[in-house]
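# Sequence unavailable; structure follows:
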């Protein structure tokens, strides 16, 4: 049997964007973390098709090790719990993040993303999974490669430009991200992510621009995302997350 068309529509994946966020966080840290640090992120997903959802995610990190557990439930009754593990390492100037994911309904996946270089660096990575549905905090295509460039040459600022592109399902789905992270003061960070997506969706060819804005203040953070074609569907979606680290 062939792959069902639903498999060509990416669910929310823990892929390149999550790995890149972890790599940027590691590079920005001044001292190694002591003990276990937790991050709790509840997210409300408001969709134009009425199928609103709630996602709860708890992450725990200690040194190079990060684990998480989460659960997603939408208004139509679909629910999925998930587990994940991340390991970060540095080899000869390359900062590498390896990731494994498992979720209810048979999903298994893995990804690797690396920053190669110093103050200015290349971004490379890949994601692979078994084509089962997987809901998580990120909405990039799964089974994709990552290629881009970044720099920390600007004071208190990280800049990156990268593309996540399907390589397995031949649906031409891709998302290009331009991300700026600015630290105006100790304990504060403003993140702006402008994205452009294109590719085959459920209703035909998709092209659209999205925007994500996040702000961290001490142990608290908030993030708002506007996605005109969530999961390459016709649904417009606003995602609002607010949480804390402890």
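Arrived safely, thanks for sending. Everything quoted here is computed from the prediction, not taken from an experiment.
# Which stretches in this structure count as strands?
37-47, 53-62, 65-74, 79-91, 94-103, 107-117, 120-129, 144-151, 157-166, 174-182, 188-201, 204-217, 220-227, 237-245 (DSSP state E).
# in the fifth one, what counts as buried?
Buried positions in strand 94-103, judged by neighbour count with 16 or more other Cβ atoms under 10 Å: 95, 96, 97, 98, 99, 101, 103. C-beta here means a position set from N, CA and C on the backbone, and glycine is covered the same way.
# Ok, the first one next?
Of the residues in strand 37-47, those buried by neighbour count under the rule 16+ other Cβ under 10 Å are 39, 41, 43, 45, 47.
# With distance to residue 137 as extra columns, can I get the strands of the chain in JSON lines?
As requested, the strands of the chain are exported to JSON lines (distance: least, Cβ to Cβ, whole Å):
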{"stretch": "strand 37-47", "distance to residue 137": "6"}
{"stretch": "strand 53-62", "distance to residue 137": "6"}
{"stretch": "strand 65-74", "distance to residue 137": "8"}
{"stretch": "strand 79-91", "distance to residue 137": "10"}
{"stretch": "strand 94-103", "distance to residue 137": "12"}
{"stretch": "strand 107-117", "distance to residue 137": "14"}
{"stretch": "strand 120-129", "distance to residue 137": "15"}
{"stretch": "strand 144-151", "distance to residue 137": "16"}
{"stretch": "strand 157-166", "distance to residue 137": "15"}
{"stretch": "strand 174-182", "distance to residue 137": "15"}
{"stretch": "strand 188-201", "distance to residue 137": "13"}
{"stretch": "strand 204-217", "distance to residue 137": "11"}
{"stretch": "strand 220-227", "distance to residue 137": "9"}
{"stretch": "strand 237-245", "distance to residue 137": "8"}
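# will you turn those strands into CSV that also has distance to residue 135 and mean pLDDT?
Conversion of the strands of the chain to CSV gives the following (distance: least, Cβ to Cβ, whole Å; pLDDT from 0 to 100):
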stretch, distance to residue 135, mean pLDDT
strand 37-47, 9, 97
strand 53-62, 7, 97
strand 65-74, 4, 96
strand 79-91, 5, 96
strand 94-103, 8, 96
strand 107-117, 9, 96
strand 120-129, 13, 96
strand 144-151, 17, 97
strand 157-166, 17, 97
strand 174-182, 17, 97
strand 188-201, 18, 96
strand 204-217, 18, 96
strand 220-227, 14, 98
strand 237-245, 12, 97
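# farthest-separated two in the buried residues of strand 37-47?
39 and 47 (24.9 Å; Cβ to Cβ).
# Which of the buried residues of strand 37-47 sits closest to residue 132?
residue 45 (19.8 Å).
# Which residue is the nearest non-sequential neighbour of that closest one?
What sits nearest to residue 45 in space, not counting adjacent residues and going by Cβ to Cβ, 6 or more residues apart in numbering, is residue 53, at 4.2 Å.
# got it, and residue 195?
Per Cβ to Cβ, 6+ apart, closest to residue 195 is residue 210, 4.4 Å.
# if I read this right, residue 173 contacts residue 141, doesn't it?
Yes. Residue 173 lies in contact with residue 141 (Cβ atoms under 8 Å); the separation is 4.6 Å.
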